[in-house]
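Peer 1: Sequence plus predicted model, see below.
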Amino acid sequence: AQSVTQLDSHVSVSEGTPVLLRCNYSSSYSPSLFWYVQHPNKGLQLLLKYTSAATLVKGINGFEAEFKKSETSFHLTKPSAHMSDAAEYFCVVSEGGGSYIPTFGRGTSLIVHP
Amino acid sequence: EAGVAQSPRYKIIEKRQSVAFWCNPISGHATLYWYQQILGQGPKLLIQFQNNGVVDDSQLPKDRFSAERLKGVDSTLKIQPAKLEDSAVYLCASSLGAGVNSDTQYFGPGTRLTVL
């Protein structure tokens, strides 16, 4: 069975400082992992995904994530936060091994202070 | 290319009434998903269709919720009768492939349901 845990419900940073949103997963197979972003009053949008190719994945708007199998983690980072990054971020796992049902984490709210 | 369309965008009903939501996925997308997102939580998958067959509906409260995807294109989700705890945003998403766990999901704007 698969599961995903977002370790922080809220992360608060100052504009221009680094962002780290943490995600741990559990899977019996080789999973695909995703980060989606949800801006206020807007639909969910894909930031990036890992699908068993390169372990360091680059996404839109300067975000990247590293798949670490030994740590069962897929943390999202950005070197310098921008005010427009303030949103809700969701980590998603889809297990593979014949299963392709996605499971969302509870979400992390990113707050960016000027 | 047109995105995922959902209607209505907002709905307010009394408890015990019925309600239906409609979703039109991106043209050519084989897989369609319905999620329930309660305020402050992540989306919970209610049902997943591959073409017009059901892949998973293990979290769909089948005593009150039903969904169909006729002809493998658009889909409707119905609640009858509604309860207060059904107040949520109902999201529809679609993805291109069938049976592919690495596919990107494309989401509609959602329907915000309030049950009074």
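Peer 2: Everything's here; your move.
Peer 1: would B:Lys71 count as being in a helix?
Peer 2: Yes - counting by DSSP: H, G, I helix; E, B strand; the rest coil, B:Lys71 is located in a helix.
Peer 1: Next up, the contacts around A:Pro31.
Peer 2: A:2, A:25, A:93-96, B:101 (Cβ atoms under 8 Å, 6 or more residues apart in numbering or on different chains). For the C-beta atoms, the positions are set from N, CA and C on the backbone; glycine is no exception.
Peer 1: Hmm, which of the residues you listed is lowest in pLDDT?
Peer 2: Within the set of these, pLDDT is lowest for A:Gly96 (72).
Peer 1: for the longest strand belonging to chain A, packing partners?
Peer 2: Counting by DSSP state E, the longest strand found in chain A is strand A:87-96. Applying 3 or more Cβ pairs under 8 Å, 6 or more residues apart in numbering or on different chains; DSSP states H and E, one finds that strand A:87-96 contacts strand A:3-6, strand A:23-26, strand A:32-38, strand A:73-78, strand A:99-104, strand A:108-113.
Peer 1: of these, which approaches B:Thr111 most closely?
Peer 2: B:Thr111 lies closest to strand A:32-38 among the helices and strands packed on strand A:87-96, at 15.2 Å (Cβ to Cβ).
Peer 1: how big is the angle separating the closest one from strand A:73-78?
Peer 2: 40 degrees (axes from the mean of the first three to the mean of the last three Cα atoms, to 10 degrees).
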